[in-house]
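Undergrad: okay, sequence plus prediction incoming.
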Amino acid sequence: MKIGIVCYPTYGGSGVVATELGLGLAKRGHQIHFITYGRPARLQHFQENIFYHEVNAEDYPLFEYPPYDTALASKLVDVVKYEKLDLLHVHYAIPHAAVAYMAKKILLAEGKYIPVVTTLHGTDITLVGNNKSFSPVVAFSINKSDGVTAVSESLKNQTYDYFDIKNEIKVIPNFIDFDRFRKVNKDHFKKAIAPNGEKILVHVSNFRKVKRVEDVIYVFEKVFRKIPSKLLLIGDGPERRKLEDLCRQIGLCDEIRFLGKQDAVEELLSVADLFVMPSANESFGLAALEAMACEVPIISSNAGGIPEVNIHGKTGFLSDIGDVESMAKYAIQILEDDKVLAEFRKNALAQAEKFDIKYILPQYEKYYEHILATAVY
Ligand code: GMT
């Protein structure tokens, strides 16, 4: 198949999933065209069957905001027509689903039909999408997509709760590529980070409010009082400044390291003992799955789709959002006994294996085939 993939090219989860999906499909012989405003972060090397089309929203003195949506729609029309695409798969509803609908209508006027699959990722529904400034367009464009997928049961149910959706939503979960995400020997990292054999706690995110990174620090503070430990904060984003201040206030700057954005996250996860994800909202929690693939148990909130990934009492523990007492208690329970830690590590890996890309890619292929066979225009 010739598939156009539209996504945000940044480090955010939806862009990562879209890129990994495209790379995986290309390896299986499909021709993949990424259409976005920048090279996707995980698209780093030449690969046969992969094409990249950059969208440039021309600026003009009249525009306060360059019209990206119009530029993207025009690019989609061009790429679908000249690369003879069979299907467009857009990731993150805003604005991609609406833009794809516009491109579809333009192409239809020229006699070309292109089916559109929209994948809902999380904040496009839970935080941003249901905001009044976007919701009518989000609901309309989900209903007008030929196929709609969501990354968890929880996100699917939230979509039906928040919007008047007539379309059937298929759940295809996030996935993991074990060629990349697996525990590797990085003892020299461990020695540098925790020279006295301290336990290593890790958090990875884009440091937005929804991630509640301050809770990670409060949990760590409580763990540190009981167990010699270090905390690695990986990623960057709007909350970072406040978080650095918090570390200074509680006097734990020497124990907490801000590492910024990292490309080889799997190498750092390989030396971690525990991953902390206290999010207020999380449709799936891809970062937790990546940690589990590297044999790291999870201390998390029970928000959204996290319980579909982190199994309470097996792969880690779930607590109510903001309950840092409970999160710290569970963290200590896992970290204070090496046998318990080893058991949780084993379970985390076994659970991650259920989301192996080799099981999920065929689900997308089957879904595309179904959409191509049934789309009505
Ligand atoms: O908020 C983020 O972490 C980024 C966001 C995105 O859409 O780029 O991530 C969402 O999509 C990921 C991939 O499907 C999910 O694993 C994340 O749980 C989800 N984030 C939220 O729901 C907050």
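TA: Thanks, I have it.

Undergrad: so what are the domain limits for the protein?
TA: Split into domains by automatic domain parsing, the chain comes to 2-175+357-374, 187-353.

Undergrad: quick check: closest non-adjacent residue to whatever residue of the stretch 101-250 of the chain ends up closest to the ligand.
TA: Residue of the stretch 101-250 of the chain nearest the ligand, by CB to the nearest ligand atom: residue 122 (2.4 Å). Every C-beta, even on glycine, is put in place using the N, C-alpha and C of the backbone. Once flanking residues are discounted, residue 122 sits nearest to residue 283: 3.3 Å by CB to CB, 6 or more residues apart in numbering.

Undergrad: what of residue 294?
TA: Here the residue nearest residue 294, using CB to CB, 6+ apart, is residue 269, at 3.8 Å.

Undergrad: count of neighbours near that neighbour?
TA: 28 (other CB atoms under 10 Å).

Undergrad: distance check, residue 49 against residue 29.
TA: According to CB to CB, to the nearest Å, residue 49 stands 7 Å off from residue 29.

Undergrad: tell me which of those two has more neighbours.
TA: The residue with more neighbours, out of residue 49 and residue 29, is residue 49; 16 against 9, by other CB under 10 Å.

Undergrad: how about the residue lying closest to the more buried one once chain neighbours are set aside, secondary structure?
TA: Distances taken as CB to CB, 6+ apart place residue 26 nearest to residue 49, at 4.0 Å, with adjacent residues excluded. Of the three states, residue 26 takes helix according to DSSP: H, G, I helix; E, B strand; the rest coil.

Undergrad: for residue 133, see how far away the residue of the stretch 101-250 of the chain closest to the ligand is.
TA: Residue 122 is 18 Å from residue 133, by CB to CB.

Undergrad: between the two, which has more neighbouring residues?
TA: Set residue 122 next to residue 133 and count neighbours by other CB under 10 Å: residue 122 wins out with 29 against 7.

Undergrad: wait, the more buried one sits on residue 156?
TA: No: checked against CB atoms under 8 Å, the pair residue 122 and residue 156 is beyond contact range at 11.7 Å.

Undergrad: so how many other residues sit close to residue 355?
TA: 20.

Undergrad: before we move on, what about residue 350?
TA: The number of residues packed near residue 350 is 14, by other CB under 10 Å.

Undergrad: centre of the chain to the helix or strand where it lies, how far?
TA: Assigned by DSSP states H and E, residue 350 belongs to helix 338-353. For helix 338-353, the separation from the chain centroid amounts to 22 Å (computed by CA atoms, centre = their mean, to the nearest Å).

Undergrad: tell me the contacts of the residue of the stretch 101-250 of the chain closest to the ligand?
TA: Residue 122 is in contact with 13, 14, 151, 155, 281, 282, 283, 284, 304, counting by CB atoms under 8 Å, 6 or more residues apart in numbering.

Undergrad: thought the last one was touching residue 288?
TA: No: at 11.6 Å, residue 304 and residue 288 do not qualify as touching, with contact defined as CB under 8 Å.

Undergrad: who has more neighbours, those two?
TA: Neighbours were counted for residue 304 and for residue 288 using other CB under 10 Å; residue 288 has more, 28 against 24.

Undergrad: now do the more buried one, the pLDDT please.
TA: Reading off the confidence values, residue 288 has pLDDT 98.

Undergrad: tell me the first helix or strand C-terminal of the helix or strand where it lies.
TA: Assessed by DSSP H and E, residue 288 sits inside helix 286-293. The first helix or strand that comes after helix 286-293 along the chain, using DSSP H and E, is strand 298-301.

Undergrad: neighbouring strands for that next one, and are they parallel or not?
TA: When pairing is defined by DSSP bridges, strand 298-301 lines up against strand 274-277 (parallel), strand 316-319 (parallel).
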